[in-house]
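1. Pasting a predicted model and its sequence here:
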Amino acid sequence: MSQLIDGKQIAKDIKDELKKEIQQLKNSNIEPTLAVILVGEDPASQIYVSNKKKACAYVGIRSLSYELPGDVTEEELLGVIEELNQREDVHGILVQLPLPAQIEEEKILMAIHPEKDVDGFHPINVGALSIGKEGFQPCTAAGIIELLKRSQITIEGKHCVVVGRSNIVGKPVSLLLIQENGTVTICHSKTKNLKDICRQADILVAAVGKANMITSDMVKDGAVLIDVGVNRLENGKVCGDIDFENCKEKASAITPVPGGVGPMTIAMLLYNCIQSAKNGEELFV
Ligand code: GUN
C-alpha cells in the first residue's frame, strides 16, 4: 500500500505554526491583513474565496472582503486595487481568478503592487522565481514543494514530470522543482508520447483539469503522484486528474482529491501574507 499524502493535516500543521507567528506580530502591533476581491458569482470561486477567508480567521489574519458585480468595469476594479495598494494596513491583495470576459486579467494582475502580490502572479514575482530570487511564490506550486518536503520525499536528482503548463501551476511548479535540483520535463496538450514520458516519472505532477486522465498504465512502479486537478463529475463528486483508485497501488505515495494539494494552496497563501506583513519591504530591496 502506498503512502497517502495527507495535505489537510500538513496544511493544518503549517497553519498552527503560522498562528504563533501571527500572535508575535500582533504583540508588535502589526495585524496581518489580506484583501480578497471576488468578481461575479462563479460558484467554484465563491467556495475558494470562502475557504480562504475561513483560513484567515483560523490563523488570526484579518481579511477584508470585496465582492464586486460580474459586470464591473476594468476601471472600477483597478480603482479598488489602487486604493488597497495605497493602504498601509493591507499586506496582501488577492483577486480571485478567473475574471469575467470584459476584464483583461493581465492588466489586473499587473496593477497589484508586487509587495502585496501574495498570489505571486505579478511579472516581477514571476521573474524573481524564474531566476531563483526571493519574491512571492505562487501558492499551489509552493504548496506542492512543501508537501513533498514534509512527506520526506527527496526531489534532488529525481525525474519530475509536470503535466500542464499553466501560469498558475504548471510553469511555477516546474521552476521550483528545478530549484530543488529535480530534472524536469513539462508536458502539455501537444506533447507526443505522453504515456511514455509519464512512465519515466519518479515524481508526477498532474495539473491539467481533466478528470482521471492519468491512468495506471502511465505510472511507473513506485512513483510519487501529485494531483492538482479539481474536477466535478456529473454525479456531483469531485475528483482529480489522476485515476486515484487504479494508481494508488502502483505509487509509493499519492495525494488524494480532495484533501491533498488544495489545502496546501491556502496554507501557502497565509504564509505569503505573513511574510508580507513581516518584511514585505525587505523582500524587494
Ligand atoms: N483561481 C484558481 N487558483 C487560484 C489562485 O491560486 N489564486 C487566485 N487568485 N485565483 C485562483
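-> Okay, I see it.
2. CA only for contacts and neighbour counts going forward, please
-> Fine.
3. Pro172 reaches Ala141, doesn't it?
-> Yes - counting by C-alpha atoms under 8 Å, Pro172 does reach Ala141; the two are 5.9 Å apart.
4. show me where the stretch 1-150 of the chain has strands.
-> Remark: strands assigned in the stretch 1-150 of the chain by DSSP state E, counting those that start in this stretch are 3-4, 33-39, 62-68, 92-95.
5. Next to the ligand, which bits of the stretch 101-250 of the chain? Give me the list.
-> 119, 139 (C-alpha under 6 Å from any ligand atom).
6. Can you get me a residue count around Lys19?
-> 19 (other C-alpha atoms under 10 Å).
7. Excluding residues flanking it in the chain, which one is nearest it?
-> Val59 (4.7 Å; C-alpha to C-alpha, 6 or more residues apart in numbering).
8. which regions of the protein sit below the pLDDT cut-off?
-> Per-residue confidence for the chain (pLDDT under 70) gives these ranges: 1, 279-285.
9. center of it - which residue?
-> In the chain, the centroid-proximal residue (C-alpha atoms, centre = their mean) is Thr140; its distance is 1.7 Å.
10. Spit out the contact partners of it.
-> Contact analysis of Thr140 by C-alpha atoms under 8 Å, 6 or more residues apart in numbering lists 168-169, 173, 261-262, 264-265, 268.
11. Is the helix ranked longest in the chain positioned near the ligand?
-> Counting by DSSP state H, the longest helix found in the chain is helix 261-283. No - counting by C-alpha under 6 Å from any ligand atom, the ligand is not contacted by helix 261-283; separation bottoms out at 6.7 Å.
12. how much does that helix deviate in direction from strand 33-39?
-> 120 degrees (axes from the mean of the first three to the mean of the last three C-alpha atoms, to 10 degrees).
13. how much space between the closest residue to Ile112 other than its chain neighbours and Leu38?
-> What sits nearest to Ile112 in space, not counting adjacent residues and going by C-alpha to C-alpha, 6+ apart, is Ile81, at 6.4 Å. For Ile81, the distance to Leu38 equals 12 Å [C-alpha to C-alpha, to the nearest Å].
14. Give me the contacts around stretch 141-158.
-> With contact meaning C-alpha under 8 Å, 6+ apart, stretch 141-158 is reached by 5, 7, 10, 168-170, 172-173, 176-177, 180-183, 202-203, 226, 261, 264-265, 267-268.
15. coming back round to it: buried residues of the longest helix of the chain, list them for me.
-> Neighbour counts over helix 261-283 (16 or more other C-alpha atoms under 10 Å) mark 261-278, 280 as buried.
16. Throw the contacts of Thr140 into JSON lines and include distance to Gln46, thanks.
-> Output for these, formatted as JSON lines (distance: C-alpha to C-alpha, whole Å):
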{"residue": "Ile168", "distance to Gln46": "18"}
{"residue": "Val169", "distance to Gln46": "20"}
{"residue": "Val173", "distance to Gln46": "25"}
{"residue": "Val261", "distance to Gln46": "19"}
{"residue": "Gly262", "distance to Gln46": "15"}
{"residue": "Met264", "distance to Gln46": "18"}
{"residue": "Thr265", "distance to Gln46": "16"}
{"residue": "Met268", "distance to Gln46": "19"}
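17. Next, count neighbours for Tyr66.
-> Counted with other C-alpha under 10 Å, Tyr66 comes out at 13.
18. Spit out the contact partners of it.
-> 35-38.
19. Selecting buried members of those in PyMOL, what would you type?
-> Per 16+ other C-alpha under 10 Å, the buried members of these correspond to this PyMOL selection:
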select buried, resi 35+36+37+38
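20. among the contacts of Tyr66, which are within reach of the ligand?
-> Of those, not one also sits near the ligand (C-alpha under 6 Å from any ligand atom).
21. Output the contacts of Tyr66 in CSV; the columns should cover distance to Ile197.
-> As requested, these are exported to CSV (distance: C-alpha to C-alpha, whole Å):
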residue, distance to Ile197
Ala35, 41
Val36, 39
Ile37, 39
Leu38, 38
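22. buried set for stretch 153-163?
-> 155, 158-163.
23. Let me have it in CSV, keeping just the CA atoms, if that works.
-> Only the C-alpha atoms of stretch 153-163 are listed here, as CSV (Å, rounded to 0.1, in the frame of the first residue of the first chain):
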residue,chain,number,x,y,z
ILE,A,153,10.2,12.9,-0.4
THR,A,154,13.6,13.9,-1.9
ILE,A,155,13.3,16.0,-5.1
GLU,A,156,17.0,16.2,-5.9
GLY,A,157,18.1,14.0,-8.8
LYS,A,158,14.5,12.8,-9.4
HIS,A,159,12.9,12.9,-12.8
CYS,A,160,9.9,15.2,-12.2
VAL,A,161,7.2,15.2,-15.0
VAL,A,162,4.7,18.0,-14.9
VAL,A,163,1.6,17.6,-17.0
